[in-house]
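1. any chance you can model this:
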Amino acid sequence: MRADRLVATLLFLQTRGRVTAREVAAELEVSERTARRDLEALAAAGIPVYSQHGRGGGWSLVGGARTDLTGLTAAEIRAMFLVAGPSAASPELRTALRKLVRALPATLRSDAEAASKAGVTDGTDWSRLPVTAGTPLLDALQGAVVDGLRIRLGYARPGSPPGTRTVDPLGLVTKAGVPYLVAGTDLVAGTDTGGGEAVAGSGHAGLRIFRLDRITSVEVTADPVVRPEGFDLATAWRALAAPMEERMRGATVRGRAEPTAGRVLGVLFGGRLRLGGERADGWLEMEIDGPSPEVVAAQLAGLGARVEVLEPPEARERLARLAAELAGLYGEG
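-> Residues are numbered from 1 along each chain as shown. Below you'll find the model as predicted:
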């Protein structure tokens with residue numbers, strides 16, 4: 001489209017100060033004749049563009065005039081390029097960022113370019129397995145959310161056979177690096193058919209969370225999404241996430257740990273771990289929240305004698321059973 005090309009030509013002029021028709025043609029991938037015609041069109045439209053013939057000539061903006069097409073502050077530009085730098089962006093976003101850089105005043109351009117190179121997003125875990133859904137699925141989900149179209153979703157929840165259901169995609173949320181789809185379903189509050197990760201309580205019946213790395217297929221339909229009245233993605237996410245977070249803290253295990261085990265415990269349990277002061281025996285007081293005493297005990301088993309669970313009894317019994325099983329499998333004789 002010529003209007004887009006004229007804007008790109010103006011931005012290129014601002015970036016370079018003085019250009020030739022040949023340079024514009026190479027930058028915008030058009031013929032030299034088309035580039036010259038666009039430069040003349042800018043001048044005819046009242047833009048202060050003029051040409052200088054002869055050696056060292058070219059096209060320039062009169063007096064170094066500029067057109068700031070962004071209206072962004074320096075802090076806003078830096079924040080945007082830090083989040084959406086080219087090293088982590090899709091091809092479309094990289095193209096948009098390049099265009100934006102050309103539109104920025106010279107005083108802001110260097111900061112934007114530096115911010116765009118300040119971070120890298122690695123989409124795999126340490127075993128090199130992807131931790132997000134494949135790009136085609138993610139693109140399809142984003143398109144369905146933006147276009148407001150229902151989708152037929154293939155989903156494989158651990159421990160359950162994969163299935164397909166029709167949902168209303170309402171938004172995408174990333175929590176601790178893991179992306180989720182928030183969608184409306186035909187469920188009522190308090191029911192669970194295995195089609196997602198959580199059902200919100202009163203006021204959010206039918207809303208459900210789907211982990212993107214468990215989505216196996218996305219088929220976009222022609223049917224419009226039915227959005228709940230007054231729906232707000234952030235509010236809905238908090239309502240959906242709260243029960244899951246509560247389940248992660250459904251039980252507390254108390255005990256003691258060697259000081260050298262503190263770092264490993266921190267990696268295993270994060271904010272669910274509370275280490276207290278040093279005991280008379282030189283060990284540390286330890287409290288850990290988890291879904292159940294048995295689950296926490298199983299997670300602690302790998303630390304062997306570096307930790308001791310004192311209560312509740314269910315956690316100690318679980319560790320005793322695990323110890324007996326391992327001794328029977330690996331013990332001598």
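2. show me the contact partners of stretch 218-231.
-> With contacts defined as Cβ atoms under 8 Å, 6 or more residues apart in numbering, stretch 218-231 is touched by 137, 140-141, 143-144, 147-154, 166, 168-170, 184, 204, 206-207. Where you see a C-beta, it was placed from the backbone N, CA and C, and this is true even at glycine.
3. try it again at 10 Å.
-> 133, 136-141, 143-145, 147-154, 164, 166-171, 181-184, 203-207, 212, 236 (Cβ atoms under 10 Å, 6 or more residues apart in numbering).
4. dump the C-alpha coordinates for it into PDB.
-> Output of stretch 218-231 as PDB, limited to C-alpha atoms (Å, rounded to 0.1, in the frame of the first residue of the first chain):
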ATOM      1  CA  VAL A 218      -6.800 -26.100  18.100                       C
ATOM      2  CA  GLU A 219      -9.600 -25.800  15.500                       C
ATOM      3  CA  VAL A 220     -11.000 -22.300  15.100                       C
ATOM      4  CA  THR A 221     -14.800 -22.300  14.300                       C
ATOM      5  CA  ALA A 222     -16.900 -19.600  12.700                       C
ATOM      6  CA  ASP A 223     -19.100 -19.200  15.900                       C
ATOM      7  CA  PRO A 224     -18.600 -16.100  18.000                       C
ATOM      8  CA  VAL A 225     -17.400 -16.300  21.600                       C
ATOM      9  CA  VAL A 226     -19.900 -15.800  24.300                       C
ATOM     10  CA  ARG A 227     -18.300 -13.600  26.900                       C
ATOM     11  CA  PRO A 228     -19.700 -13.400  30.400                       C
ATOM     12  CA  GLU A 229     -21.200 -10.100  31.200                       C
ATOM     13  CA  GLY A 230     -18.600  -7.700  32.700                       C
ATOM     14  CA  PHE A 231     -15.800 -10.200  32.100                       C
END
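5. what about the strands in the stretch 1-150 of the chain?
-> For the stretch 1-150 of the chain, applying DSSP state E, counting those that start in this stretch gives strands covering 18-19, 49-52, 58-61, 149-155.
6. so can I have a markdown table of the ones you listed showing distance to L329?
-> Below are the strands of the stretch 1-150 of the chain laid out as a markdown table (distance: least, Cβ to Cβ, whole Å):
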| stretch | distance to L329 |
| --- | --- |
| strand 18-19 | 75 |
| strand 49-52 | 81 |
| strand 58-61 | 79 |
| strand 149-155 | 36 |
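7. what's the closest of those strands to A118?
-> Nearest of these to A118, taken as Cβ to Cβ: strand 18-19 at 29.5 Å.
8. and this protein, what are its domains?
-> Here the domain parsing of the chain from automatic domain parsing is 2-64, 74-116, 135-232, 251-330.
9. V62 and V7, how far apart?
-> 18 Å (Cβ to Cβ, to the nearest Å).
10. among the two, which residue is more densely surrounded?
-> The residue with more neighbours, out of V62 and V7, is V7; 17 against 10, by other Cβ atoms under 10 Å.
11. P313 versus that one, what's the distance?
-> Applying Cβ to Cβ to V7 and P313 gives a distance of 72 Å.
12. do the same with P291
-> On the measure of Cβ to Cβ, P291 and P313 end up 17 Å apart.
13. which stretches of this protein form helices?
-> 2-16, 21-28, 32-44, 74-83, 91-103, 106-116, 135-147, 233-247, 262-269, 293-300, 313-330 (DSSP state H).
14. where does the stretch 201-333 of the chain have low pLDDT?
-> Residue ranges of the stretch 201-333 of the chain with pLDDT under 70: 201-205, 332-333.
15. tell me how many other residues surround R22.
-> Residues near R22, counting by other Cβ under 10 Å: 12.
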